[in-house]
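# fold the following for me, if possible:
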Amino acid sequence: MTDERRKTFSLADLNRRLTPSAVALILANLVPLYGVALLGWRVFPVVLLFWFENVVVGFYNALKIGFARPGDVGRWIAKVFMIPFFLFHYGMFTFVHGIFVLALFGSGIVDMDGGPSVACTDSRSPTTTSHAVSTAGPRWRT
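Model (predicted):
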């Protein structure tokens, strides 16, 4: 490989790639890594934490649908129909997914000892914050 074709890495490239959304995503994903590596979290609490991320993703997608600005009246009417349609179907998916998480990893008992606290699944959690930053970022254009 010639020197001309070799890709070099510079701090300018890193600054371009590390958007606030990317930083928030990296930090949010370091939480379960830290919990497993240093706090001894078991499988079920970590899987439950990632299941909760499904709920957060659905919430922000419903917001995106709600704030979309379609160009014509027909699409506005479709948007009004799509929000409850999406919430119902995504809610059913999340519900069934949650049942599988509990059945496969919960051992019949929801035991959070040795896992993330409830603070990891509330509105201030790293997962929620990461998706909020991503949604509010420059790539969210309607």
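# on the three-state scheme, residue 55 is what?
State at residue 55, reduced to three classes by DSSP: H, G, I helix; E, B strand; the rest coil: helix.
# from residue 62, how far out is it?
To residue 62, residue 55 is 11 Å away according to CB to CB, to the nearest Å. Placement of C-beta: from N, CA and C, glycine included.
# before we move on, what about residue 23?
According to CB to CB, residue 23 and residue 62 sit 25 Å apart.
# so for those two, which sits in the more crowded spot?
The neighbour comparison of residue 23 against residue 62 (other CB atoms under 10 Å) goes to residue 62, with 17 against 12.
# which strand or helix spans the more buried one?
Using DSSP states H and E, the element containing residue 62 is helix 43-67.
# what's that helix packed up against?
With contacts taken as 3 or more CB pairs under 8 Å, 6 or more residues apart in numbering; DSSP states H and E, helix 43-67 sits against helix 20-38, helix 73-105, helix 126-136.
# switch the cut-off to 6 Å
Contacts defined by 3 or more CB pairs under 6 Å, 6 or more residues apart in numbering; DSSP states H and E place helix 43-67 against helix 73-105, helix 126-136.
# quick check: buried residues in it?
Using 16 or more other CB atoms under 10 Å as the burial criterion, the residues of helix 43-67 that qualify are 44-49, 51-60, 62-63, 65.
# same check, this time on stretch 23-39
Going by neighbour count (16+ other CB under 10 Å), the buried part of stretch 23-39 is 24, 25, 28, 31, 32, 35.
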